[in-house]
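K.L.:
3D model of this:
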Amino acid sequence: MSADAARGEAGITAGVHVAAGTRYGFLTDTTLCIGCKACEVACKQWNSLPADDVAFSADGYDHTRGLSHGTWRHVKFIEQPPAGGGSARWLFNSDVCKHCAKAGCLEACPTGAIVRTEYGTVLIQHDVCNGCKYCEPSCPFGVITVDKGGSGTAHKCTLCHDRLRDGLEPACAKSCPTDSIQFGPIDMLLTRGRARVAGLQRQGFGEARLYGDPDGDGATHGIGQLQSLFVLMDHPNAYNLSAAPTLPARHILPALLTSAVAAVTLVGAAAVALLADRR
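P.N.:
As a prediction, this is how the structure comes out:
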């Protein structure tokens, strides 16, 4: 299909017409996820990512483990033990890069390999990345990893930047059979996510929340907001998500002040010791 022919396809598949200058993202509604991992497969197929080294484990059914340089979408399987004599509860969540409004990885990159795109997303340019790994500890969600045995560069979800430029919906959202992963302008997704949470709470699901809402769970301490939003049915910790992540850069000034105080204290102690010796 030519680019011109495909330009409006996202309008058909997602009801969204992609245009530069608008911030786009994902809303992942975990109440609709059935754990089929179609999004994982679609992501790998479109981006030519390697298959996972699947290892069966005794501690769960999630055999693809987590996000990595070769897995940019990962469906978590969370089994919760029975409560009060009831049956076990299963939670599923398709995890992905959060495309933070203020991204720690982008701040830390020394080569300019990580950039903000015309769609508001965070993109790694592999031809500019030098594999320094500064982005790895700078991501408060542990999303980015460097391909040590291959290209030697950092990798993560691109929100299908190449597809957006041709007016196409991201592969994971298009492949989701239950519409658990929804793509669109971030303002629209925020409104939709808040309405969904409000509806769930009215139905008695008091733990329902929107992860990534500005200054709410997942968007704390300078991050601002996430462009990958999640409707959760339990505390974020249950999904192995931090409720109050912090940009690593936030620790620099306190650490410098602590070091400065320690240095002044040591100098003062040394001066006192020298004066005492002279007496």
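K.L.:
Ser94 belongs to a strand, doesn't it?
P.N.:
Yes. Assessed by DSSP: H, G, I helix; E, B strand; the rest coil, Ser94 belongs to a strand.
K.L.:
How about the contacts made by it?
P.N.:
28, 33, 39-40, 73-76, 172, 176, 180-181 (CB atoms under 8 Å, 6 or more residues apart in numbering). C-beta: built from backbone N, CA, C; applies to glycine.
K.L.:
rerun at 6 Å
P.N.:
28, 33, 39, 73, 75, 181 (CB atoms under 6 Å, 6 or more residues apart in numbering).
K.L.:
May I ask which of the residues you listed has the most neighbours?
P.N.:
Greatest neighbour count in the contacts of Ser94, by other CB atoms under 10 Å, goes to Thr28: 30 neighbours.
K.L.:
Run through the bridge partners of that one.
P.N.:
Under DSSP bridges, the beta-bridge partners of Thr28 are Ile181, Phe230.
K.L.:
hmm, back to that, what two of the contacts of Ser94 have the greatest distance between them?
P.N.:
Cys33 and Arg73 (11.6 Å; CB to CB).
K.L.:
okay, now the domains of the chain?
P.N.:
3-246, 248-279 (automatic domain parsing).
K.L.:
So which residues of the stretch 1-150 of the chain form strands?
P.N.:
Remark: strands assigned in the stretch 1-150 of the chain by DSSP state E, counting those that start in this stretch are 24-29, 74-80, 89-95, 114-116, 122-124, 145-146.
K.L.:
any low-confidence regions in the stretch 51-200 of the chain?
P.N.:
Low-confidence segments of the stretch 51-200 of the chain (pLDDT under 70): 57-59.
K.L.:
Give the full set of residues in contact with the residue found closest to Cys139 once you drop the neighbours it is linked to in the chain.
P.N.:
Sequence neighbours aside, Cys105 is the residue nearest to Cys139 in space, at 5.0 Å (criterion: CB to CB, 6 or more residues apart in numbering). Cys105 makes contacts with 114, 135, 138-139, 144, as judged by CB under 6 Å, 6+ apart.
K.L.:
Dump these to a markdown table, plus neighbour count.
P.N.:
As requested, those are arranged in a markdown table below (neighbours: other CB atoms under 10 Å):
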| residue | neighbour count |
| --- | --- |
| Ile114 | 25 |
| Cys135 | 26 |
| Ser138 | 19 |
| Cys139 | 24 |
| Ile144 | 26 |
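K.L.:
Tyr24: which of these is nearest?
P.N.:
Closest to Tyr24, out of all of these and judged by CB to CB, is Ile114, at 17.7 Å.
K.L.:
Would you quantify the distance from the closest residue to the closest one other than its chain neighbours to Cys97?
P.N.:
In space, and not counting its chain neighbours, Ile114 is closest to Leu106: 4.6 Å by CB to CB, 6+ apart. If you measure Leu106 against Cys97 using CB to CB, to the nearest Å, the figure is 12 Å.
K.L.:
With that, I have no additional questions.
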